[in-house]
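Asks: Predicted model and sequence below, questions to follow.
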Amino acid sequence: MKLATRLSIVVGVIVTVLSLSIGSFAILYSEKSEIHSVSSMLNASTVETQRTTDDPYSVALAVSDSSPLPLSAAIVTGAHSISYLADNSASLHNPPDTRAIAKSLISPVVVEKSLLIRSIKTGPDEYLIYSMSIASAQSHTRDLLRNLIYFVLIALLISITSTYLLFRRDSKINESANTLKESQARMQEFLGDASHELRSPLTVIKGYTELISKDPKQADVPRYLATMQSEILRMEKLIKDLLLLAELGESTSLELSEVHLNALIRRYVDELSDLSSKRPIALDLQDLVVHSDKRLLEILFANIFSNISRHTPPDAPVKVLLSSERTEILISVEDGGPGIAAPTQQLFTRFDKARSREKGGSGLGLSIISKIVHGLKGDISFTQGDLGGLKVEIRIPR
């Protein structure tokens, strides 16, 4: 799970717990305040009735009429019969039980879920009971709880979204920073390898130049010049490949056009056949047209077949396959050369020494091939082929 996701979950939990805790406390306090207000009215009515010397039932009627909230008064006898003095929305539906009446003599008691009662003993086994409704307080509490849930959900959504976006941005910044560090490390390694590769032919050229300068007429001068020419050509090839890699790394757009892959591959196969006429070449090419960058495809096939020509015997067999697989085009090229003991992703590394550069290569061919394939939005893999050598499989979108 990504850091941004984990942090979003943690923040969401914290926001939910805090919102529910604070909101619930405020709602319960509000409900308690409303019920306390009703209780105070009941207590005041009871005290007023008890203090008067007038008939308590008459006083009860007067108190009920003057109450700001519906106040019901009823007479309950020991037989649990009930007679209403003031019947309204706060009236009891049934006589309270003995235990509730006993408690209500001291303080208000909730009965029938939403009625608060307060009792006065007016005679042997006879009680005057005031009742007021707390349904509005309970309804208000339910409304507040529903609003609290809505608030928590909205706050949760906002907090998770904002946290995820914020930390995802930070994560991207960190990823970019790490990528930059890795790129810098790769660049330093690349520059070190490049300077070493360029220094080698220069050292050879310098050495032979000094030998020739000492005695320009010595018999070995032609051999020295041939060696120098060879090193110059190798350095020229290396520089050319370095420039191509730099160009591939900076390229962001493709020059798309219709490319007949069959004809393009045959062109490079013919060149390979011309260079080694004894080489058996098996072709299985479908007539396919791809919408891609023709220049990059030309460089790709030039490097593939150049590697075969350079690194395999002139009579080593080659098999080339071009076929269509749903939305992809498969290009498979395998040779019967010495191959590579364990084909891995490291073959794509710049200046890879898996196939010797002593035969005129720069060590950059496989890196160039990889760059081109990925630039074409495709995939490349190396395996051991049926012919015993290296098998290169390339898949590019149609």
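Replies: Thanks, I have the structure now.

Asks: okay, CA-based contacts and neighbour counts for the rest of this
Replies: OK.

Asks: Okay, now the unreliable bits of the stretch 251-398 of the chain?
Replies: Along the stretch 251-398 of the chain, the model assigns pLDDT under 70 to residues 251-252, 340-365.

Asks: what residue ranges in the stretch 101-250 of the chain are flagged as low confidence?
Replies: 169-174, 177, 186-187, 189-197, 200, 241, 245-250.

Asks: Show me where it has its strands.
Replies: 109-111, 115-123, 126-133 (DSSP state E, counting those that start in this stretch).

Asks: from those strands, which stretch is densest packed?
Replies: Mean neighbours per residue, mean count of other CA atoms under 10 Å, is largest over the strands of the stretch 101-250 of the chain for strand 126-133, with a mean of 25.

Asks: Hey, what's the angle from it to strand 115-123? Just curious.
Replies: Strand 126-133 runs at 160 degrees relative to strand 115-123, counting by axes from the mean of the first three to the mean of the last three CA atoms, to 10 degrees.

Asks: Leu243: neighbouring residues, count only.
Replies: Applying other CA atoms under 10 Å, we find 12 residues neighbouring Leu243.

Asks: where's it relative to Ile304, distance?
Replies: Note on Leu243: its distance to Ile304, by CA to CA, to the nearest Å, is 18 Å.

Asks: Please tabulate the strands of the stretch 101-250 of the chain in CSV and include distance to Lys377 as additional columns.
Replies: Formatted as CSV, the strands of the stretch 101-250 of the chain follow (distance: least, CA to CA, whole Å):
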stretch, distance to Lys377
strand 109-111, 75
strand 115-123, 75
strand 126-133, 74
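
Asks: how about those strands, which one is nearest Leu211?
Replies: strand 109-111 (115.8 Å; CA to CA).

Asks: Point out the other helices and strands that that closest one packs with.
Replies: helix 98-104, strand 115-123 (3 or more CA pairs under 8 Å, 6 or more residues apart in numbering; DSSP states H and E).

Asks: 10 Å instead, please
Replies: Applying 3 or more CA pairs under 10 Å, 6 or more residues apart in numbering; DSSP states H and E, one finds that strand 109-111 contacts helix 98-104, strand 115-123, strand 126-133.

Asks: List the strands paired with the second one, with their directions.
Replies: For strand 115-123, the pairing partners within the sheet under DSSP bridges are strand 109-111 (antiparallel), strand 126-133 (antiparallel).

Asks: JSON lines for the ones you listed, including distance to Gly337?
Replies: Shown next, in JSON lines, are the strands paired with strand 115-123 (distance: least, CA to CA, whole Å):
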{"stretch": "strand 109-111", "distance to Gly337": "96"}
{"stretch": "strand 126-133", "distance to Gly337": "97"}
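
Asks: which one of those strands lies closest to Ala74?
Replies: Here strand 126-133 is closest among those (CA to CA), at 5.3 Å.

Asks: How far does that closest one sit from its chain's centre?
Replies: Strand 126-133 sits 65 Å away from the centroid of its parent chain (CA atoms, centre = their mean, to the nearest Å).

Asks: my guess is Leu18 meets Val152, correct?
Replies: Yes - using CA atoms under 10 Å, Leu18 makes contact with Val152 at a distance of 9.4 Å.

Asks: between those two, which one's more packed in?
Replies: Just comparing Leu18 and Val152: by other CA under 10 Å the higher neighbour count belongs to Val152, 20 against 13.

Asks: which ones are touching the more buried one?
Replies: Neighbouring residues of Val152 by CA atoms under 10 Å, 6 or more residues apart in numbering: 12, 15-20, 23, 146, 158.

Asks: For PyMOL, write the selection for the buried entries among those.
Replies: Paste this into PyMOL to select the buried members of the contacts of Val152, with burial taken from 16 or more other CA atoms under 10 Å:
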select buried, resi 12+15+16+19+20+23
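
Asks: Pick out whichever of the contacts of Val152 sits closest to Asn262.
Replies: For these, the residue nearest Asn262 by CA to CA is Ile158; the value is 56.1 Å.

Asks: Asp379 bridge partners, please.
Replies: Arg395.

Asks: residues in contact with it?
Replies: 330, 370, 372-373, 393-397.

Asks: between the residues you listed, which is closest to Lys206?
Replies: Among the contacts of Asp379, and counting by CA to CA, the member closest to Lys206 is Ser370, at 34.3 Å.

Asks: burial count for the closest one?
Replies: 21.

Asks: what's across from Ser83 in the sheet?
Replies: Assigned bridge partners for Ser83, using DSSP bridges, are Ile75.

Asks: ok, it - contacts?
Replies: 73-77, 95, 128.

Asks: what two of the residues you listed have the greatest distance between them?
Replies: Most distant of the contacts of Ser83, by CA to CA, are Ala73 and Thr77, 13.5 Å apart.

Asks: who touches both of these two?
Replies: Both Ala73 and Thr77 are in contact with 83, 128, where contact means CA under 10 Å, 6+ apart.

Asks: So for those two, which residue has more residues nearby?
Replies: Ala73 (27 against 17).
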